[in-house]
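Asks: Pasting a predicted model and its sequence here:
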Amino acid sequence: MTKIIEPKRQSSIFRRPSSETGIWSWITTVDHKKIGIMYGYAAFFFLLIGGLEALVLRIQLSQPDNNFLTAAEYNAMFTMHGTTMIFLAIMPISAAFFNYLLPLQIGARDVAFPRLNALSFWIFIFGGAFLYSTFIFGTAGAPEGGYLAEEVGWLGSAPNGGWFGYQPNAGMKYSPGTAMDYWAIGLQILGIASLISAFNFITTIINMRTEGMRFMRMPVFTWMTFAVSFLLAFSLPIIAIALFYVTFDRKFGTTFFLTEGGGDPILWQHLFWLFGHPEVYILILPAFGIVSEVLPTFSRKPLFGYAAIVFAGFGIAFIGFGVWAHHMFASAISPVAQAGFGLSTMVIAVPTGVKIFNWLGTIWGGKLKLNTPMLFSLGFIGMFLIGGLSGVTHSIVPADTQQTDTYYVVAHFHYVLFGGALFGIFSGLYYWFPKVWGKMYNESLGKIHFWLMMIGFNLTFGPMHWLGLQGQVRRTWVYAEETNLQFWNIVVTVGAFIIALSIIVFMINWIFSKRNGEKAPFDPWDARTIEWTIPSPTPVWNFSKAPIVKSLDDFWHTKYSEDEEGRAVKRAEADQILLDLEEEGLNPSEHIELPSPSYFPIVLASGLPFLGYAVIYKSIPLALIGSILLLIGGFGWGTEPLEEEAFEDSHE
Amino acid sequence: MSDSHAYPHEPTGVETRKLGMWVFLSTEILFFGTLITTFMIFKGSDFPGMKLTDVYDIPFTSISSFILLMSSLTMVLAHNALEVNDQEKTRVWLLATAMLGAVFLAGQIYEFTEFYHKGFELSTNIYSSSFYVLTGFHGLHVFIGVVLLLALWGIGQRQKGLTLEGGMNLEFVALYWHFVDIVWIVLFTVVYLI
């Protein structure tokens, strides 16, 4: 079972099973790089869908009293837009980065549990498909006599209770039909995927670091992956249980969140935001990591305050568990709690500020190279700063009460999650493009993409600040003409289409460059971390022999020394070192074992949607099919020969 | 599943699978923590209606709790037997552990049925809902544990027998099993005693 890559000079043909290429190689792969690429494409696909949903929303809002969408369809669209962007786009695209880069940054050959890694990817795919199957099988329904009880098209047959699913609105009484069940169970399945990858990454970072890769020598992106994995591991169980309760309430008549049986709708808010606020940092910390890699590289300076950035990241992750009720200032919580959570919200701005100052310190006095990744990172700092500052205004409870459920809040979190997370992600996509594909992207198209997105983004979300302060409420499908909100709403809609245009430029660049781009050298950016010491595209075995790390920014110190004034001076032998590295990276001189592909992750994962449908439709046959798939997957998983034994066998 | 032999790994000296299990258990604490918190919140509320105290049978549950605790002892005995490579004893103690777990599960099913007949149903009120979901979630964990133990027992039938390394090893399952037992100590106290 174990695939052994023989040294090239001994045999010209790698021993590869037939499934090394073609679709089966992708379905059965356990290679972290292939899984990362699949994560990336799947997440980008969902990003496009979520973007289309946003455009539909913006068309509806471009005119006062518009009837492009019905109220029910509008509810479905904003619910699916939020759910998709958070759970199916940003989170998995971060997972794509984790998967691809984490082992490379710590000098490992794969993650700790490659098959579990494949399992979390397939669970994510099946979870996303399950959630979206609501458009085919789901029914939204509306309470008897309510004004939403109008004819709805297929657009309206999606979950419609908001991505936060507040109770009792998302309960059976006010959301009959099956759509909210698809939402609750779909998120449950997606949560399993993220939980599994969180165990995997934590274990990988603790236990798979190469020789000399001490904790305080790890790249900041790896650190942020570590922090995000802890956040996932400790916040997802909370939402999982809360979603259990929702499903029980809706399907089995319990009353956890319904006052009829003594339940408490506010409990849902607490449980949801206990997960939901750490989730915010789950979305943003990967971007922090990416930016902390890009800025030093393109400023040609070491990261300013490495330790401070690392500890600030963990400070944010830790305090992130203590601020959840600032989402609930308008709900029934006591004044003491309001004061406390207002304070903790101010406190969490401190480590965030530490990071911003460190990034500024990094670019201060640097020889800046304004390539596309750098532009996106600089854009990230500016946009995230605006979002962070409007976030601090929410810690003032009276102001927050005024802003609750207005477009001011929408503006705030889009500045953080789009201007922050997504700008960081695009920065990373351009930065590591040469490493992944072995080709260079087109720099001019990249810059066009950046400027279009920057302009479109600010046109879209900037005016929302004042729309919100003027009183436009979110999650409402119309506004009256007398409110004079039309002008800025048109600007916002135009901005949204400019963003769409910039995404098209990005896609053209990606497809064109991947096919016809210039061949990339293995260290195009004169970078600092060890993933750039291996050939581009990354060979299947990553490092031909385990790297030995001697310092932080090890690769940089291999290439550069310092003169008396502390300026970087290229070592005389640097060019030769690079040539040797490339030669060695392509021609491994020792046996390389890679974990063998497996069918069972996808089999195991395919059982979950059946179990989901079984709960929704209370169907025993579907439950049996799901359980049998789980059993086959689990049994096959457990009885598959393990690498260790197979390895010994192959040497007998 | 682990990395290659020649490749250096495990800088902490803890076996990777075992470390993964510890991380997994740390999230399990959050799962049970959320359930227990909810249970406590509802237990303290003054909603009128049937309460757990109206139906439960502490002597019965004490005995089944004792049985589950004893299974931790047999689990340790299985581990000890494997350390001196006594395959036969290892299998016997593994089977004993699985059986004790199964007896506990049977007790829980009996208890649920009794409660149900007394009118304490899943959808009766928050007291019943939070009780069934919390203890049922634990029961599911015991069930998975029994399956894992039986699988391990089955693997032990092979010629090579069990080892302390590699694959789904005994230590890995034992960690899980002890965790499930410890959780029950907390649950028994929280749900039945206070």
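Replies: Yes, it's here.

Asks: For the stretch 101-250 of chain A, which residues are neighbours of chain B?
Replies: A:108-110, A:112-116, A:195, A:198-200, A:202-203, A:206-211, A:213, A:233-238, A:240-242, A:244-245, A:248 (C-beta under 8 Å from any C-beta of the partner chain). All C-beta spots, glycine's among them, are computed from the backbone N, C-alpha and C.

Asks: Equivalent analysis for the stretch 401-550 of chain A, please.
Replies: Counting by C-beta under 8 Å from any C-beta, the residues of the stretch 401-550 of chain A close to chain B are A:Ala546.

Asks: Now do the helices in the stretch 401-550 of chain A.
Replies: A:407-416, A:423-437, A:443-469, A:486-516 (DSSP state H, counting those that start in this stretch).

Asks: Nearest to A:Val478, out of these?
Replies: helix A:486-516 (10.9 Å; C-beta to C-beta).

Asks: starting at the chain centroid, how far to the closest one?
Replies: 20 Å (C-alpha atoms, centre = their mean, to the nearest Å).

Asks: Quick one: list the elements packing against the following helix or strand past that helix.
Replies: Counting by DSSP states H and E, the next helix or strand C-terminal to helix A:486-516 is helix A:554-559. Packing partners of helix A:554-559 (3 or more C-beta pairs under 8 Å, 6 or more residues apart in numbering or on different chains; DSSP states H and E): helix A:574-586.

Asks: what does the helix it packs on rub up against?
Replies: The contact list for helix A:574-586 (C-beta atoms under 8 Å, 6 or more residues apart in numbering or on different chains) reads A:8, A:522-523, A:533-535, A:539, A:543-545, A:558-560, A:571.

Asks: want to try a markdown table for the residues you listed, with pLDDT and neighbour count as columns?
Replies: Output for the contacts of helix A:574-586, formatted as a markdown table (pLDDT from 0 to 100; neighbours: other C-beta atoms under 10 Å in any protein chain shown):
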| residue | pLDDT | neighbour count |
| --- | --- | --- |
| A:Lys8 | 39 | 14 |
| A:Phe522 | 84 | 21 |
| A:Asp523 | 89 | 21 |
| A:Thr533 | 91 | 22 |
| A:Ile534 | 91 | 24 |
| A:Pro535 | 89 | 20 |
| A:Pro539 | 89 | 17 |
| A:Phe543 | 88 | 23 |
| A:Ser544 | 85 | 22 |
| A:Lys545 | 83 | 15 |
| A:Thr558 | 87 | 19 |
| A:Lys559 | 88 | 18 |
| A:Tyr560 | 88 | 17 |
| A:Arg571 | 84 | 14 |
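
Asks: so which two of those are the farthest from each other?
Replies: Of all pairs drawn from the contacts of helix A:574-586, the widest gap by C-beta to C-beta lies between A:Lys8 and A:Tyr560 and measures 31.0 Å.

Asks: ok, now how distant is A:Asp65 from chain B?
Replies: Taking C-beta to the nearest C-beta, to the nearest Å as the measure, A:Asp65 falls 43 Å from chain B.

Asks: any weak-confidence spans in chain A?
Replies: A:1-20, A:144-152, A:641-652 (pLDDT under 70).

Asks: in it, which helix has the most residues?
Replies: Determined from DSSP state H, the single longest helix within chain A is helix A:265-299.

Asks: Flag every buried residue along that one.
Replies: Within helix A:265-299, the residues scored as buried using 16 or more other C-beta atoms under 10 Å in any protein chain shown are A:265, A:267-299.

Asks: Check which element follows it along the chain.
Replies: helix A:306-319.

Asks: Tell me the first helix or strand C-terminal of that next one.
Replies: Using DSSP H and E, the next helix or strand after helix A:306-319 towards the C-terminus is helix A:335-363.

Asks: got the angle for that following helix vs helix A:265-299?
Replies: Inter-element angle recorded for helix A:335-363 and helix A:265-299: 10 degrees (by axes from the mean of the first three to the mean of the last three C-alpha atoms, to 10 degrees).

Asks: Determine the set of other helices and strands touching helix A:335-363.
Replies: Partner elements for helix A:335-363 (3+ C-beta pairs under 8 Å, 6+ apart): helix A:265-299, helix A:306-319, helix A:372-393, helix A:397-403.
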